[in-house]
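**Student:** Predicted structure and sequence below. I'll ask about it afterward.
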Amino acid sequence: MNIVNFSDLPAVGQAVANNLSGIIIGNRIPRSYFITSGAGESDITIHAGSYHLALRDAGIEMANIMTYSSILPGIAIETPKPNRKQIVHGSVMESIMAVSHVEKGEQANAGIIFGWLHDRKTDERYGGLVCEHDGSYGEEQLHKNLNDSLEELYVNGFEEEFYLKDVYTVTKSFVPKKKHGTALVSLCFTDYIYPVIG
């Protein structure tokens, strides 16, 4: 067995890379997505309690959840929410999610807002912007925060080339009677395109 010093690893890695051949694949692009929401409560804890039960209410508790930042590809298309049997237990589900955790008697507010950027000259859809907010400040403030954040993203980098339209807002509010409560809204991706670049 050959033992390689840690300091030699970069050179070894480059040598291996130089001798490899195959398909070069670019960063995968999320394509299909669905939107769901849920709420849960527990007297035990949050993560394995009210959060899990909110995921169950949303129909995605069997998946391992990963979260993205706030960008929708131009190719993204909304699809119907799959039923539980269509999601493989233990599979990874990548999402853009707003989650609010509160204590008994408080109001959990979670919401996402998204809109589509269209080229000002061609009207072609370029991509989407998504914002998430969570807290315990009521529906009115939640909607204000969502709209303000989307506007902030839009005017800082996109306003000159694109206009923003088809804006959608989805919210979930919940007041738990048990010790812990969670409300969530999630945009969940279900498939991807892998561009072949070489």
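**Tutor:** Nice, I can see it. Note that the coordinates shown come from a computational prediction; the quantities given were computed from them, not determined experimentally.
**Student:** CA only for contacts and neighbour counts going forward, please
**Tutor:** Will do.
**Student:** strands paired with the helix or strand that contains residue 35, and their directions?
**Tutor:** When elements are assigned from DSSP states H and E, residue 35 belongs to strand 32-42. When pairing is defined by DSSP bridges, strand 32-42 lines up against strand 77-78 (parallel), strand 180-189 (antiparallel).
**Student:** now, of those, which is deepest in the fold?
**Tutor:** strand 180-189 (a mean of 27; mean count of other CA atoms under 10 Å).
**Student:** So which residues make contact with the strand holding residue 35?
**Tutor:** Contacts with strand 32-42, where a contact means CA atoms under 8 Å, 6 or more residues apart in numbering, come from 49-59, 76-81, 171-174, 176-192.
**Student:** same question, stretch 118-128
**Tutor:** With CA under 8 Å, 6+ apart as the criterion, stretch 118-128 contacts 71-76, 114-117, 161-165.
**Student:** Return the member of those residues nearest to residue 138.
**Tutor:** Nearest to residue 138 among these is residue 114, at 19.8 Å by CA to CA.
**Student:** Beyond the host helix or strand of that closest one, next helix or strand please.
**Tutor:** Per DSSP H and E, residue 114 falls inside strand 108-119. Per DSSP H and E, the first helix or strand lying C-terminal to strand 108-119 is strand 125-135.
**Student:** for this structure, what helix or strand is lowest in average pLDDT?
**Tutor:** Of the helices and strands making up the chain, the lowest-confidence element is helix 9-18, at a mean of 68, by mean pLDDT, DSSP states H and E.
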